[in-house]
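> Got a sequence here, can you model it:
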Amino acid sequence: MSDTQPSPATTCIPAEALQSFCTAVFASLGLSGDAAAVSADVLVAADLRGIPSHGVARLGRYVNGLKTGLMLPGAVSTVPAETCRQLAQIASQQGIEPPPGLG
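This next block holds a predicted model:
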């Protein structure tokens, strides 16, 4: 079997469908339309890049975090201090979406 073919036990879901599903899940938990779409895009993009540990497999953790209040919909991340040109400290304020300019 070639590396590009899924195993018989694998179910392939089109990226667009997965993006729509994740966006709907995030929106149902209180994220704005834009925040839901960006957050879903980050997860799907990770899977498409071959990094499933940071992909849609994390959706359940985000659902749990948003339901329990560990994560807050609408929280705005900030960059309180830049330590150098390539590194910045980011305060997520318990949000899940990337700060403006990083997503």
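> which residue packs closest to Lys67, ignoring adjacent ones?
Leu29 (6.9 Å; CB to CB, 6 or more residues apart in numbering). Any C-beta I mention is one placed from the backbone N, CA and C, and that applies to glycine too.
> swap that for Ser20, please
Ala40 (8.0 Å).
> Report the secondary structure state of Thr11.
Here Thr11 is recorded as coil under DSSP: H, G, I helix; E, B strand; the rest coil.
> Look up phi and psi at the residue nearest to Lys67.
Per-residue torsions, Leu29: phi -100, psi 10 (degrees, to the nearest 10).
> on that earlier part again, the residue nearest to Ser20 belongs to a helix?
Yes. Ala40: assigned to a helix according to three-state DSSP.
> hang on, isn't it packed against Phe26?
Yes. At 6.0 Å, Ala40 counts as touching Phe26 under the criterion of CB atoms under 8 Å.
> Just give me the neighbour total for the residue nearest to Lys67.
16 (other CB atoms under 10 Å).
> What residues does it make contact with?
63, 66-67, 73 (CB atoms under 8 Å, 6 or more residues apart in numbering).
> Please repeat the previous calculation with a cut-off of 10 Å.
36, 62-63, 65-67, 71, 73, 96 (CB atoms under 10 Å, 6 or more residues apart in numbering).
> How about Leu70?
By CB under 10 Å, 6+ apart, the neighbours of Leu70 are 61-62, 64, 94, 96.
> TSV please, covering those and showing neighbour count.
TSV is the format used below for those (neighbours: other CB atoms under 10 Å):
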residue	neighbour count
Arg61	12
Tyr62	20
Asn64	11
Gln94	14
Ile96	25
